[in-house]
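Peer 1: here is the input, now give the coordinates:
(2 chains)
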Amino acid sequence: MKCFTNSPGALNAEISMKQFITFVRKEFAHVLRDRKTLLILFGMPVMQILIFGFALTNEVKNSAIVVVDYAQDEASQKLISRIEASRYFEVSKSAADHNQIEESFKEGKVKLALIFPQNFYSDLMHQNKAQIQIITDATDPNTANTLANYVTAIIQDYQADLNQNASLPYRIIPETKMLYNPQLKSVHGFVPGVMALVLMLVCVMMTAVSIVREKEMGTMEILLVSPFKPLLVILSKAVPYLILSLINVASILCLSVFVLDLPVNGSLLLLFAESTLFIITCLTIGIFISVRTASQQVAMLISLMGMMLPTILFSGFMFPIENMPKVLQVITNIVPAKWYYIIVKSIMIKGLGFSAIWKETLILAGMTLFLLIVSLKNFKIRLA
Amino acid sequence: MQDVVIKTDNLTKRFGDFVAANAITFEVYKGEIFGFLGANGAGKTTAMRMLCGLSKPSSGNATIAGYDVYRETEEIKKNIGYMSQKFSLYEDLTVLENIRFFGGIYGLTNNQLKTKSEELIERLGLESEAKKLVGSLPLGWKQKLSFSVAVLHEPKIVFLDEPTGGVDPVTRRQFWDLIYAAAENGVTIFVTTHYMDEAEYCNRISIMVDGKVEALDSPTQLKRNFNASSMDEVFYQLARGAKRGD
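Peer 2: I've put the predicted structure just below:
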């Protein structure tokens, strides 16, 4: 049912382009004129970043620790008193053996345990090296990491003092164990998480609602009766949100770098390219929802319940996927945010390049393509 | 012989077993005000959607402004205007922005848009409201604006789907003045309505019952044929036999 006009294609394309710009301008007017939309669009990401950022505080003072001292010798005593003297730690109790450590962790007051092996001092003196074990409760990985770093710093201080008048350097080797969360899953992970969440919310909900609004208002009918192509309607709806979302990505990154001191370790360009891909995925989901629903409320509800919730639960951002039952682990694979989260984390935190994330990118691109085809098919059926 | 702008020949639309529009055959002439009447569920909307190129007929033929409804929907869309019962303007855009937007998607040039919007605003006496949001206008004005926007691109035919729902008789009368003015300029008006006083304003009317066109003539002739004193009575005589309703 393509048109059979005789006018040259170039002229048609020019008119289409002009129509398209007219439409996109109108969409911007809708968004920029609606204070509530603006607030959600730009206020929410800032709020989330700040809340997540400052709720996970890096400042750790007077944390209770448990010491298990099998050595009970000169070196262990000195180290313990140094640790006690610092403003970061308070030795809450000395346990007789390491089995009591987990109990203390479960009570929740103690975040870190220190274990001196037997012969700590003699190992240090005779073999010039000794081991010490640091165990942290890594359910709050940020705190755990900070505490472990502080203890290690104190140990290194002590070691440096010992080495001042030694001919052969003494080495104390701390062995750190992060209990409950060995890979420190969500350290700094909230920025990629918030990015996934915000983009999901903005793109899916706003696109869906803005298209369904046209249906509700009856303006969609007018657009369909006009020579404006249905595909262009959809495209014009998507473009403003793509642009606004990229601004959002930029503002989240700025906040994260300048306010929270979390640098982008990888390529900024790659990060934006991947974000664009994810935004397109979200826009497609929004379009799909809008094609299938008739009222703004329904569209909003589906976007919130159907998209937000899985994003929070299954992206790995709040809850480590490894700890989920097998069935849920499989389900997480269909959540686009999971892949985006992995991608952003790899680029931003681990500083990896495209070769490390091509698989995730491919999955995301595949999902987008699939959703796009399904939505367009549905859109055509609706027209017939 | 008058110019035929809408011609349908046994135009039919089926949804499964349900025949929404059954072998509709009629002609509408240039500059005519053609009333398209029928009870709810009689198939008016279905027929109108086919004529606007929104829905493909199941069988039969139709040409709109000389273009075929199967193959030339794009050309049809360029040559028709449409206004629905919802008035369908963007409430969060100003009067001027609405005019520019709808003119823009019909491919009017900037110059055309400028002169046309000035003309339109002057004709409707909306000079002081041009920069106000449409949402703040009274219903009657929105409706007049909506009609003027629908004919902005100078279509050959304008389809009006129950355009005067919910407004008072005075405003309705004013609205019909706009319709007459457009018809005098050669625009063909295809209008559905539930108001029988409006039916009287039309040059000719067709009445649909259960998917079929049961009567088609001028209001005067219809009243004579049905031996009725008003259009109300004509409509009632035809529509009470209907099996479908809502």
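Peer 1: neighbours around residue B:127, how many?
Peer 2: 11 (other C-beta atoms under 10 Å in any protein chain shown). All C-beta atoms are positioned from the backbone trio N, CA, C, and that covers glycine.
Peer 1: ditto for the one 10 residues further on
Peer 2: As a burial measure, residue B:137 scores 19 neighbours (other C-beta under 10 Å).
Peer 1: residues contacting it?
Peer 2: B:95, B:129, B:145 (C-beta atoms under 8 Å, 6 or more residues apart in numbering or on different chains).
Peer 1: next, format the residues you listed as a markdown table and append pLDDT and neighbour count.
Peer 2: Shown next, in a markdown table, are the contacts of residue B:137 (pLDDT from 0 to 100; neighbours: other C-beta atoms under 10 Å in any protein chain shown):
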| residue | pLDDT | neighbour count |
| --- | --- | --- |
| B:95 | 93 | 26 |
| B:129 | 89 | 18 |
| B:145 | 91 | 22 |
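Peer 1: among those, which ones are in helices?
Peer 2: Among the contacts of residue B:137, the residues falling in helices (DSSP state H) are B:95, B:145.
Peer 1: what residues does stretch B:84-100 touch?
Peer 2: A:22, A:26, A:29-30, A:33-34, A:217-219, A:221-222, B:101, B:113, B:116-117, B:120-121, B:126, B:129-135, B:137, B:139, B:142-143, B:145-146, B:149, B:152, B:161-163, B:165.
Peer 1: nearest to residue A:318 among the contacts of residue B:137?
Peer 2: Distance to residue A:318 across those (C-beta to C-beta) is lowest for residue B:95, with 48.0 Å.
Peer 1: I'd say residue A:368 and residue A:282 touch.
Peer 2: No - using C-beta atoms under 8 Å, residue A:368 is not in contact with residue A:282, being 9.1 Å away.
Peer 1: shaky segments in the chain?
Peer 2: I went with chain A, as the question did not name one. A:1-12, A:55-61, A:93, A:95-96, A:139-140, A:142, A:178-189, A:380-384 (pLDDT under 70).
Peer 1: ah, no, chain B please
Peer 2: In chain B, residues with pLDDT under 70: B:1, B:87, B:244-246.
Peer 1: now do the strands in it.
Peer 2: B:4-15, B:18-29, B:33-38, B:59-64, B:67-68, B:80-83, B:157-161, B:188-192, B:204-209, B:212-217 (DSSP state E).
Peer 1: do the same with chain A
Peer 2: A:63-69, A:89-95, A:110-116, A:129-137, A:171-179.
Peer 1: pull the residues that contact the third one.
Peer 2: Residues outside strand A:110-116 that contact it (C-beta under 8 Å, 6+ apart) are A:63-71, A:76, A:79-80, A:83, A:89, A:92, A:95, A:98, A:101, A:104-105, A:132-137, A:140, A:143-144, A:147-148, A:151.
Peer 1: mind running it again at 6 Å?
Peer 2: Defining contact as C-beta atoms under 6 Å, 6 or more residues apart in numbering or on different chains, one finds that strand A:110-116 is touched by A:63-71, A:76, A:98, A:101, A:104, A:133, A:135-137, A:147.
Peer 1: could you find the closest non-adjacent residue to residue 176?
Peer 2: By default, I'm working from chain A. residue A:134 (4.6 Å; C-beta to C-beta, 6 or more residues apart in numbering or on different chains).
Peer 1: looking at chain B here, not the other one
Peer 2: According to C-beta to C-beta, 6+ apart, the nearest residue to residue B:176 is residue B:201 (5.5 Å).
Peer 1: I'd say the one you found and residue B:178 touch.
Peer 2: No - using C-beta atoms under 6 Å, residue B:201 makes no contact with residue B:178, being 11.9 Å away.
Peer 1: C-alpha coordinates for stretch A:355-369, PDB please?
Peer 2: Below are the C-alpha coordinates for stretch A:355-369, written out as PDB (Å, rounded to 0.1, in the frame of the first residue of the first chain):
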ATOM      1  CA  SER A 355      36.200  -6.600  23.000                       C
ATOM      2  CA  ALA A 356      35.000  -7.400  26.500                       C
ATOM      3  CA  ILE A 357      31.400  -6.500  26.000                       C
ATOM      4  CA  TRP A 358      30.600  -7.400  22.400                       C
ATOM      5  CA  LYS A 359      28.500 -10.300  23.500                       C
ATOM      6  CA  GLU A 360      26.300  -8.200  25.700                       C
ATOM      7  CA  THR A 361      26.000  -5.600  23.000                       C
ATOM      8  CA  LEU A 362      25.000  -8.200  20.500                       C
ATOM      9  CA  ILE A 363      22.300  -9.600  22.900                       C
ATOM     10  CA  LEU A 364      21.000  -6.100  23.500                       C
ATOM     11  CA  ALA A 365      20.900  -5.300  19.800                       C
ATOM     12  CA  GLY A 366      19.200  -8.600  19.100                       C
ATOM     13  CA  MET A 367      16.500  -7.800  21.600                       C
ATOM     14  CA  THR A 368      16.000  -4.300  20.100                       C
ATOM     15  CA  LEU A 369      15.600  -5.700  16.600                       C
END
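Peer 1: in that stretch, which residues are buried?
Peer 2: Neighbour-count burial for stretch A:355-369, counted by 16 or more other C-beta atoms under 10 Å in any protein chain shown, picks out A:357, A:360-361, A:363-364, A:367-368.
Peer 1: just give me the closest of these to chain B.
Peer 2: Of all those, residue A:368 has the smallest distance to chain B: 27.4 Å, by C-beta to the nearest C-beta.
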